[in-house]
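S.K.: 3D model of this:
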Amino acid sequence: MQHEIIKEIYTDQIHDPKDAMRSELDRDALFELAENIKANGLINPITVRPVAEAYEVVAGHRRLSACKIAGKIKIPCVVRTLDDKQAFEVMAAENLERADVDPVDEAIFVKRFIEQTNESIAEVAKRLKRSIAWVESRLAVGEMPDYMQAALKAKEIKLGVALTLMQITDENTRYMWTFQAARDGVSVAQAEYWLSGWKLNQLPGGDNIDTPPEGFVPGGTKPVLFRCAIDDQQYDVRLMKSVVIAEENYPIFIEFVNAYRSTPGDSVLNSAEN
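M.R.: Have a look, this model is predicted:
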């Protein structure tokens, strides 16, 4: 049975959560919140639980940090007696509804909880009031390489794109596609198209080269070359751009390619402009 009281507690007696869901707090937003607290006080008390001779934040980590910045010595708190599982539920309930919690932080949080409790994916999903697929997707994020997680945290790629590209088992190829997805901001549909092509033909039109090009740094990622549909030459995939052409216009594209290959490029471009 959970016991709950409301009391004012000295901020130096309140510790940050040991398993915080958010790995980073937005510094600018934190100082903005601190200014608001200076002007209006802490409107919503934070939730803490007793630990040893102090307290641990369960819900309100960001508000506690802002209160400390604002110079608050004591703040109102909801004190609840919670075990680790119950604290996890309360923390998750507060944080999972926030738009600024990224999938990587969610993944770390979920994985840590499963390791600590040995609960099944289905049990964790029930506690979080999420689907089993949601929990499985966060565990998949936890298995992603660092560069993929970094792109997710920076919001350079969508979660669906990352989950799709993660199915590519060739590391060099996956890295190159992730680089291009982050650069060009591709959709999930485009990523699925890439994955489909890779599954069918192991990157049709592209070759993993064994001989590094000039300027290649030893120990770096091996380049992937793609054959350009315009000039039939191979280029580093990071220099490629994706273009979508309607099926009914495809013959026009082929006609242009044939004209380009048989005529100096400038002549074709000048002809097109005229």
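S.K.: for the stretch 151-274 of the chain, what spans make up the helices?
M.R.: In order along the chain, the stretch 151-274 of the chain carries the following helices (DSSP state H, counting those that start in this stretch): 159-165, 171-184, 188-201, 250-262, 265-273.
S.K.: Poorly predicted segments of the stretch 101-250 of the chain, please.
M.R.: When residues are selected by pLDDT under 70, those of the stretch 101-250 of the chain lie in 200-225, 237-238.
S.K.: hmm, 80 instead?
M.R.: Low-confidence segments of the stretch 101-250 of the chain, defined by pLDDT under 80, are located at 101, 116-117, 128, 196-227, 232, 234-244.
S.K.: All the strands of it, residue numbers only.
M.R.: Using DSSP state E, counting those that start in this stretch, the strands found in the stretch 101-250 of the chain span residues 206-208, 224-227, 234-236.
S.K.: Can you name the helix or strand that Ile6 falls in?
M.R.: Taking DSSP states H and E as the criterion, the element that holds Ile6 is strand 4-10.
S.K.: list the buried ones in that strand?
M.R.: Ile9 (16 or more other C-beta atoms under 10 Å). The way it works is simple: take the backbone N, C-alpha and C, and place the C-beta from them, glycine included.
S.K.: by contact count, what packs against the helix or strand just after that strand?
M.R.: Counting by DSSP H and E, the next helix or strand C-terminal to strand 4-10 is strand 14-15. Helices and strands touching strand 14-15, as assessed by 3 or more C-beta pairs under 8 Å, 6 or more residues apart in numbering; DSSP states H and E, comprise strand 46-51, strand 54-59.
S.K.: Do me a favour and average the pLDDT over strand 14-15.
M.R.: Computed over strand 14-15, the mean pLDDT rounds to 90.
S.K.: ok, how many other residues are close to Cys228?
M.R.: As a burial measure, the neighbour count of Cys228 was computed by other C-beta atoms under 10 Å and equals 15.
S.K.: got a list of what it touches?
M.R.: Gln234, Tyr235, Met240 (C-beta atoms under 8 Å, 6 or more residues apart in numbering).
S.K.: from those, which is closest to Met176?
M.R.: Nearest to Met176 out of the contacts of Cys228 is Met240 (C-beta to C-beta; 9.3 Å).
S.K.: thinking the closest one is in contact with Arg227, fair?
M.R.: No: judged on C-beta atoms under 8 Å, Met240 makes no contact with Arg227 at a distance of 9.8 Å.
S.K.: of those two, who's got more company?
M.R.: Summary of the neighbour comparison: Met240 and Arg227, criterion other C-beta under 10 Å, with Met240 having more neighbours (18 against 15).
S.K.: Give me the nearest residue to that one, chain neighbours excluded.
M.R.: Phe226 (5.3 Å; C-beta to C-beta, 6 or more residues apart in numbering).
S.K.: Please name the bridge partners of the one you found.
M.R.: According to DSSP bridges, the partner residues bridging Phe226 are Gly206, Tyr235.
S.K.: and it, how many neighbours does it have?
M.R.: There are 20 residues near Phe226, going by other C-beta under 10 Å.
S.K.: does Val188 really touch Ala162, like I thought?
M.R.: No: contact between Val188 and Ala162 fails when scored by C-beta under 8 Å: they sit 9.6 Å apart.
S.K.: Name the residue in the two with the higher neighbour count.
M.R.: Residue environment comparison for Val188 versus Ala162 gives the larger neighbour count to Ala162, 25 against 16, counting by other C-beta under 10 Å.
S.K.: and the contacts of Cys228 as TSV, adding distance to Met144?
M.R.: As requested, those are exported to TSV (distance: C-beta to C-beta, whole Å):
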residue	distance to Met144
Gln234	29
Tyr235	27
Met240	23
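S.K.: In terms of distance to Thr178, which of the residues you listed ranks first?
M.R.: Sorting the contacts of Cys228 by distance to Thr178 puts Met240 at the head of the list, at 13.9 Å, by C-beta to C-beta.
S.K.: and that closest one, what does it touch?
M.R.: Met240 sits in contact with Gln180, Phe226, Cys228, where contact means C-beta under 8 Å, 6+ apart.
S.K.: Pull up the gap between it and Glu123, please.
M.R.: Per C-beta to C-beta, to the nearest Å, Met240 is found 45 Å from Glu123.
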